[in-house]
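Trainee: Can you look at this prediction? I've put the sequence above it.
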Amino acid sequence: MSESYTIAVDGPAAAGKGTLSKALAAHYGFGHLDTGLLYRAVGAKMLDGAAPVEAAVNLTPEELARDDLRGPEVAQAASKVAVIAEVRAALVDFQRAFARRAGGAVLDGRDIGTVICPYAQVKFFVTASAEVRARRRFLELAAAGKVTTLDEVLGDVKARDERDMNRAEAPLRPAPDAILIDTSDLSIEEALAKAIEVIEARREAGETLA
C-alpha cells in the first residue's frame, strides 16, 4: 500500500483554491476533498430546519452530492455554521481520515494547513483581491442563471471574509509554512505550474510522493 502524501490548500472564497486543488489531484493521481462542501451541506441542512450540530454529527457522504450546495444562501449558511466549535469538531475526523488515505490526498478549505493537517507535506494559501473574487463568483452565478448584482456579490464576499478571518474557532489565516499564491493576475495554468514547481522542489529535497 502506498504511503499517504497530503497537500493542503487554504484561502478565501472564490480565490481559485478549489480549481487548483482539483488540478493538482488530477496531475498526481491523488484523491480530492473540497472541505467547504462539508460546511455547505451542514448549512443546507440547517436551512432545511435541522440543528447545526446535529446536522454535522449525522452528515453522510451522499449529502455532499446535493445539487443546491453552490448557491449564495447556502454559502452564507455555511459560513455561519463554521463558527460553531461543535460543528467543526464533528467534521474534523472526516477530513483527517481522508487526508491519511493511501495514494495521496489534496484537501482545500480554510483551516487545512493550520488545524486539520498541520503535518501536510505541502501547504498553499491561495488568495486574490476581493474585487477579483467577487467578479469570478458573479460570473459563476450568472452562468447558473442566478439573478444578482456585482455589488451584492462583493458585499457577500467581504462579509464572509470578515466572519472567516475573525471567528474564534480556526480562523482563516495562512499556516506559517504555507506558500502564498495570489491568483488575481494568474491563469489556472500559471497557478498550477507554480504549485507543481513547489511540490517538485520538495520532492527533490527528499520528500516522496505517494
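Mentor: Perfect, thanks for sending it. These numbers were taken from a predicted model, which means no experiment stands behind them. Numbering: from 1, shown residues only.
Trainee: and S129, backbone torsions?
Mentor: Dihedral pair for S129: phi -60, psi 150, per degrees, to the nearest 10.
Trainee: check contacts around it.
Mentor: Contact partners of S129, counting by CB atoms under 8 Å, 6 or more residues apart in numbering, are S184. The way it works is simple: take the backbone N, C-alpha and C, and place the C-beta from them, glycine included.
Trainee: phi, psi of the residue nearest the centre of the chain?
Mentor: The centre of the chain sits closest to G109, judged by CA atoms, centre = their mean, with a distance of 2.3 Å. With angles defined as degrees, to the nearest 10, G109 sits at phi 180, psi -140.
Trainee: Just list whatever residues bridge to it.
Mentor: Residues in a beta bridge with G109, per DSSP bridges, are D10.
Trainee: my guess is it meets G36, correct?
Mentor: Yes. Between G109 and G36 there is a contact under CB atoms under 8 Å: 5.7 Å.
Trainee: quick one: the residue nearest to the centre of the chain from V57, how far?
Mentor: Distance from G109 to V57, counting by CB to CB, to the nearest Å: 19 Å.
Trainee: Looks to me like F124 is in a helix.
Mentor: No. Applying DSSP: H, G, I helix; E, B strand; the rest coil, one finds F124 to be strand, outside a helix.
Trainee: how many other residues sit next to K17?
Mentor: By the criterion of other CB atoms under 10 Å, K17 has 27 neighbours.
Trainee: confidence score at it?
Mentor: pLDDT recorded at K17 is 96.
Trainee: thought it was touching D108?
Mentor: Yes. Contact criterion CB under 8 Å: K17 and D108 qualify, at 4.6 Å.
Trainee: Next, show the common contact partners of these two.
Mentor: V9, D10, G11.
Trainee: What is the nearest of those to I116?
Mentor: Distance to I116 across the shared contacts of K17 and D108 (CB to CB) is lowest for D10, with 9.4 Å.
Trainee: ok, now how distant is the closest one from T35?
Mentor: For D10 relative to T35 (CB to CB), the value is 10 Å.
Trainee: With neighbour numbers in mind, choose between the two.
Mentor: D10 (28 against 23).
Trainee: Contact partners for that one?
Mentor: 17, 108-114, 123-126, 172, 174-175, 178.
Trainee: Okay, it and V53: tell me how far apart.
Mentor: Applying CB to CB, the value for D10 to V53 is 24 Å.
Trainee: now do D93
Mentor: For D93, the distance to V53 - CB to CB - is 15 Å.
Trainee: and what of V157?
Mentor: V157 is 27 Å from V53, by CB to CB.
Trainee: more neighbours, the two?
Mentor: Taking neighbours as other CB under 10 Å, V157 and V53 compare with V157 leading, 25 against 17.
Trainee: Could you list every helix and strand in contact with the strand or helix carrying that one?
Mentor: Here V157 sits within helix 150-166, counting by DSSP states H and E. Where contact means 3 or more CB pairs under 8 Å, 6 or more residues apart in numbering; DSSP states H and E, helix 150-166 is packed against helix 72-81, helix 130-143.
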